[in-house]
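[1] Mind looking at a prediction? Sequence and model below.
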Amino acid sequence: MGPRREVYELEKNELEQQYAQHSLDKDMAAAYRSSLAKDPKEHARKLKAENRGLLLFLVLLGVVVAVAFAIS
């Protein structure tokens, strides 16, 4: 009598989990390396630009809401 089917499925699942963990580790390492490569001043400029964009969006949203209340 040979090995049961469940044994093969268990091994397959374990291999898939190991492969997924390896891929996750590799992706996280690549993201970490790329984050270290950035210039801190450039990063600060990018964050400030994002903050200005969000602030502008919120102001525009406030204007739209104020106009909607004024019309109704």
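    Perfect, I can see it now. Bear in mind that the values here come from a model prediction, so they are computed numbers and not experimental data. Residues are numbered from 1 along each chain as shown.
[2] Find the residue at the geometric middle of this protein.
    residue 31 (10.6 Å; C-alpha atoms, centre = their mean).
[3] Kindly provide the distance from that one to residue 4.
    41 Å (C-beta to C-beta, to the nearest Å). Backbone N, C-alpha and C define where each C-beta goes, glycine included.
[4] do the same with residue 70
    To residue 4, residue 70 is 73 Å away according to C-beta to C-beta.
[5] can you check residue 62 too?
    Distance, residue 62 to residue 4, by C-beta to C-beta: 65 Å.
[6] OK, contacts around residue 56?
    The contact partners of residue 56, by C-beta atoms under 8 Å, 6 or more residues apart in numbering, come to none.
[7] And the pLDDT for it?
    Per-residue pLDDT puts residue 56 at 98.
[8] circling back: which is the succeeding secondary structure element to the helix or strand that contains the residue nearest to the centre of the chain?
    Secondary structure from DSSP states H and E places residue 31 in helix 5-37. As assigned by DSSP H and E, the chain's next helix or strand after helix 5-37 is helix 40-71.
[9] Helix 5-37 and that next one, what's the angle between them?
    100 degrees (axes from the mean of the first three to the mean of the last three C-alpha atoms, to 10 degrees).
[10] buried sites along helix 40-71?
    The neighbour-count check on helix 40-71 (16 or more other C-beta atoms under 10 Å) flags nothing as buried.
[11] Number the chain from 559, please
    Yep, numbering from 559; the last one is helix 598-629 now.
[12] quick one: residue 574 and residue 600, what's the gap?
    39 Å.
[13] what does residue 588 give?
    Using C-beta to C-beta, one obtains 19 Å as the distance from residue 588 to residue 600.
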